[in-house]
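Student: got a predicted structure here, sequence first:
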Amino acid sequence: MNKTVVLISDYGAGDPSFTEVILKLRALLPDVYFIPHATPPFSTINTGFWINQIALESGIAHTYIYSNTAPRKENPHAQKENDGEKLMYVKLTNGFEIMAVNAGYVFSFVKPFIKEFYYVNVNNNGSQFRSRDNYPMVVAKMVKENISFLDKKEEKSIIPDYPDNMIASIDGYGNIKTTIRKSKVSFKFGETVTITINNKTLSAIYSDGIFNAENSILVVAPGSSGYDDRFIEIVFLGGSAAKLFDNPIVETPFILQKTK
């Protein structure tokens with residue numbers, strides 16, 4: 001079976017950087033299929049959210065993730081030779097393998113499922129475009145099952161827990177995917193709740209599904225992401241929830257509470 005690499009990065013949708021990186025990878029892995037996946041600039045929440053959703057999908061053998069969302073906030077000072085956050089390798093309990101820059105919350109969503117966690121033996125400086133110039137060679141080794149790229153082992157305890165009060169993703173319909181899971185809310189289906197985003201507070205119905213309400217109703221419900229413990233979504237049926245809240249960006253915090 002042919003192998004697949006999902007390239008998750010904050011280059012920007014349609015950015016030529018995706019083309020450059022994929023061409024470099026294709027030279028090393030000519031028989032591998034590549035899927036580019038754009039995330040918002042510097043958003044490790046969004047990157048980590050989608051790493052989790054893709055990596056925990058069942059029945060996708062021979063698929064890997066290579067991720068490069070690197071805000072380079074590890075060191076607040078000037079970074080000599082374009083140094084930045086380190087490239088790490090993860091193997092999950094389901095066998096899925098990920099190579100990603102360890103920045104912010106990139107690994108936070110899959111943290112409970114991490115079986116192996118290693119630094120990658122690669123130069124993390126010397127180029128402002130490390131994902132093209134430095135990293136493809138070790139990504140190719142991962143896909144070819146050549147473990148010579150493994151460096152020092154690390155404990156997953158260094159990975160921060162993700163916050164459960166942020167916007168994780170906004171889809172093309174304006175549905176707002178959040179970082180709070182169904183198990184963390186105590187509302188009853190049918191109850192009225194309030195949501196505050198961008199200092200704007202609106203009422204919504206807490207439902208058991210985003211379509212289990214009439215059109216033009218703001219709904220809060222377990223969404224399509226998160227598997228056994230779904231992430232809560234905010235949906236405006238027949239319209240855009242994001243527009244209702246003045247188009248927030250990912251990583252915007254929100255407040256969700258029962259109407260008093």
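Tutor: That came through fine.
Student: residues contacting the closest residue in space to Leu87 that isn't next to it in sequence?
Tutor: Distance criterion C-beta to C-beta, 6 or more residues apart in numbering; nearest residue to Leu87, sequence neighbours excluded, is Val120 at 4.3 Å. For every residue, glycine as well, the C-beta is placed using N, CA and C. Taking C-beta atoms under 8 Å, 6 or more residues apart in numbering as the criterion, Val120 is in contact with Lys86, Leu87, Met88, Tyr89, Met99, Val138, Phe149, Leu150, Asp151.
Student: element containing the fourth one?
Tutor: By that I understand Tyr89. Following DSSP states H and E, one finds Tyr89 within strand 87-92.
Student: for Pro136, see how far away the residue nearest to Leu87 is.
Tutor: Distance, Val120 to Pro136, by C-beta to C-beta, to the nearest Å: 12 Å.
Student: and what of Asp161?
Tutor: As for Asp161, its distance to Pro136 is 31 Å (criterion: C-beta to C-beta).
Student: who has more neighbours, these two?
Tutor: Between Asp161 and Pro136, counting by other C-beta atoms under 10 Å, Pro136 is the more crowded of the two (22 against 10).
Student: phi, psi of the more buried one?
Tutor: phi -50, psi -40 (degrees, to the nearest 10).
Student: low-confidence ranges, the stretch 1-150 of the chain, go.
Tutor: By pLDDT under 70, the low-scoring segments of the stretch 1-150 of the chain are 72-84.
Student: tell me where it has strands.
Tutor: Secondary structure of the stretch 1-150 of the chain by DSSP state E, counting those that start in this stretch: the strands cover 4-9, 33-38, 63-68, 87-92, 97-101, 114-120, 150-153.
Student: how about TSV for those strands, with distance to Phe129 added?
Tutor: Conversion of the strands of the stretch 1-150 of the chain to TSV gives the following (distance: least, C-beta to C-beta, whole Å):
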stretch	distance to Phe129
strand 4-9	11
strand 33-38	16
strand 63-68	10
strand 87-92	14
strand 97-101	13
strand 114-120	17
strand 150-153	22
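Student: for Met142, find the nearest of those strands.
Tutor: Met142 lies closest to strand 97-101 among the strands of the stretch 1-150 of the chain, at 5.5 Å (C-beta to C-beta).
Student: and the angle for that closest one with strand 63-68?
Tutor: Interaxial angle, strand 97-101 versus strand 63-68 (axes from the mean of the first three to the mean of the last three C-alpha atoms, to 10 degrees): 0 degrees.
Student: and strand 97-101, what does it pack onto?
Tutor: For strand 97-101, the packing partners by 3 or more C-beta pairs under 8 Å, 6 or more residues apart in numbering; DSSP states H and E come out as helix 44-55, strand 63-68, strand 87-92, helix 136-143.
Student: need these in a markdown table (columns: distance to Phe107).
Tutor: Below are the helices and strands packed on strand 97-101 laid out as a markdown table (distance: least, C-beta to C-beta, whole Å):
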| stretch | distance to Phe107 |
| --- | --- |
| helix 44-55 | 7 |
| strand 63-68 | 9 |
| strand 87-92 | 6 |
| helix 136-143 | 16 |
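Student: nearest to Pro16, out of the ones you listed?
Tutor: Distance to Pro16, taken as C-beta to C-beta, is lowest for strand 63-68 among the helices and strands packed on strand 97-101, at 14.7 Å.
Student: does anything pack onto the closest one? Which helices or strands?
Tutor: Using 3+ C-beta pairs under 8 Å, 6+ apart, the elements in contact with strand 63-68 are strand 4-9, helix 44-55, strand 97-101, helix 136-143.
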